[in-house]
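> here is my input, please return the structure:
(one chain, ligands or ions: 1)
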Amino acid sequence: MLIGNIVITNPFIQAALAGYTDRAMRMLARKFGCELVFSGVILDKCTSYKPLFERPNYIIKDDEHPIGAQLLGTEPEQMATAAKNMVKTGYDIIDLNFACPAPKVLRKARGGALMAEPQKVLEIFKTVRDAVSCPVMMKLRIGTDDSAQAKENFWYIAENAVKSGVDGIILHGRTVEQRFKGFANWETIKQFKEKFPQTTIIGSGDLFDPADIVDKFKTAGVDGVAVARGAIGKPWIFRQIADVIEGKAEIYKPDLKTQGQIILEHFEMLKELYDARKCIWYFRKFLSKYCTSHNTIKKARREFVAIRDEAHLREIIDRLYGC
Ligand SMILES: Cc1cc2nc3c(=O)[nH]c(=O)nc-3n(C[C@H](O)[C@H](O)[C@H](O)COP(=O)(O)O)c2cc1C
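Predicted coordinates:
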């Protein structure tokens, strides 16, 4: 898969997930063979706040390349400044978010709301593209809603972004109005790739099971897939996808002890990013996903939700995972 001049040998990436894809989650994705990762979306004007980039989570180390930054905003010049700031920080790719369905984002006419403003989207794209020399991508949904006007806007944005040299489009197969309801429309993702065969198209939506992911990838004929919720508490999903692609008879599945070691490794990395108290409460949302791979899910979940501190975490991992 090619994104501008960046070559990715596997057809999968770690999708941007606000509140999750910090350095710890990204490094675990890499450990399991994911070559391209994204940070969570960042508001354009926040990138001008210098102390932000002194926080450990925002410092891009040498072992984090290639990495994409995703930007949210509405003003072309401000987005261009933000893109330059992110490149200066060490990001290799800029991705423009025109897909976020969160009410607080839509109220400010950002993210998915911009899919109703094709000219604005294209102006933002062109201004950013002219401001940086790295690849510039965009994240889209298949429309604001199901209306004919929304479909027209969606195809208009895509056609003109492609004409203007977008380096890749990540397409989530739901409308903005759908948020996360129903199913992603992989038929539209397939049509999208058919219409733009020369452009790197990465499909997104409902990517949870390795065999199903590879099936969706092949059926849609896309260049790659962006694994999102499916990688939370299951970083080994990337290795599993690679195993399916390679046609391996046995798909990698970490035994309990290995799962426990991965959980502890994840926690150790969080300690480098956040203070001790934040680490514990922040880690709970990951633990509630990690426990779904345990053979006594309910028991593991019950224990994890009541976690108090690091010693308690280690005691639970020792008892339930044998490490
Ligand atoms: C908690 C959460 C945070 C997300 N944050 C972002 C984000 O920052 N940028 C983005 O483009 N998409 C974001 N997404 C959307 C995902 O990248 C992805 O497109 C969507 O979840 C569909 O994929 P899935 O059904 O396989 O999870 C987020 C989704 C979730 C659930």
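> contacting residues around the residue nearest to residue 250 when sequence neighbours are not counted?
Nearest residue to residue 250, sequence neighbours excluded (C-beta to C-beta, 6 or more residues apart in numbering): residue 243, at 7.6 Å. C-beta here means a position set from N, CA and C on the backbone, and glycine is covered the same way. Residues near residue 243 by C-beta atoms under 8 Å, 6 or more residues apart in numbering: 210, 250-252.
> then residue 23?
Going by C-beta under 8 Å, 6+ apart, residue 23 touches 56-57, 61, 64, 269, 272-273.
> quick one: residue 1 and residue 8 touch, right?
Yes - the criterion here is C-beta atoms under 8 Å, and residue 1 meets it with residue 8 at 4.3 Å.
> got the phi and psi for the residue nearest to residue 250?
Main-chain torsions, residue 243, degrees, to the nearest 10: phi -60, psi -40.
> which pLDDT value goes with it?
Per-residue pLDDT puts residue 243 at 98.
> try residue 276
At residue 276, pLDDT is 89.
> cool, residue 58 as well?
88.
> pull the number of nearby residues for the residue lying closest to it once chain neighbours are set aside.
Closest residue to residue 58 apart from its sequence neighbours, by C-beta to C-beta, 6+ apart: residue 52 at 5.6 Å. Neighbour count for residue 52, taken as other C-beta atoms under 10 Å: 14.
> hang on, residue 52 in a helix?
Yes - applying DSSP: H, G, I helix; E, B strand; the rest coil, one finds residue 52 inside a helix.
> ok, and for the lengthiest helix in the chain, which residues are buried?
Across the chain, the longest stretch assigned as helix under DSSP state H is helix 256-273. Taking 16 or more other C-beta atoms under 10 Å as the neighbour-count basis, helix 256-273 is seen to contain the buried residues 256, 259-260, 262-264, 266-267, 269-270, 273.
> and the closest residue to residue 308 other than its chain neighbours, which helix or strand is it part of?
Among residues not flanking residue 308 along the chain, residue 280 sits closest, at 7.3 Å (C-beta to C-beta, 6+ apart). Secondary structure from DSSP states H and E places residue 280 in helix 276-290.
> which strands or helices does that helix pack on?
With contacts taken as 3 or more C-beta pairs under 8 Å, 6 or more residues apart in numbering; DSSP states H and E, helix 276-290 sits against helix 256-273, helix 297-305, helix 310-321.
> contacting residues around it?
Contacts to helix 276-290, defined as C-beta under 8 Å, 6+ apart, come from residues 19-20, 25, 232-234, 259, 262-263, 266-267, 270-271, 274, 300-301, 304-305, 307-310, 313.
> ok, residue 31 - contacts?
residue 235.
> touching, residue 78 and residue 44? I think so.
Yes - contact criterion C-beta under 8 Å: residue 78 and residue 44 qualify, at 4.8 Å.
> between the two, which has more neighbouring residues?
More crowded of residue 78 and residue 44, by other C-beta under 10 Å: residue 44, with 24 against 18.
> got the contact list for the more buried one?
For residue 44, the contacting residues are 71-73, 75, 78-79, 81-82, by C-beta under 8 Å, 6+ apart.
> dump the residue contacts of the residue nearest to it when sequence neighbours are not counted.
Nearest residue to residue 44, sequence neighbours excluded (C-beta to C-beta, 6+ apart): residue 73, at 3.3 Å. Counting by C-beta under 8 Å, 6+ apart, residue 73 touches 43-45, 79, 82, 110, 124.
> the helix holding residue 280 vs helix 297-305, what angle?
Taking axes from the mean of the first three to the mean of the last three C-alpha atoms, to 10 degrees, one finds that helix 276-290 is oriented at 170 degrees with respect to helix 297-305.
> buried residues, helix 276-290. List them.
Within helix 276-290, the residues that qualify as buried are 279-280, 282-283, 286-290, counting by 16+ other C-beta under 10 Å.
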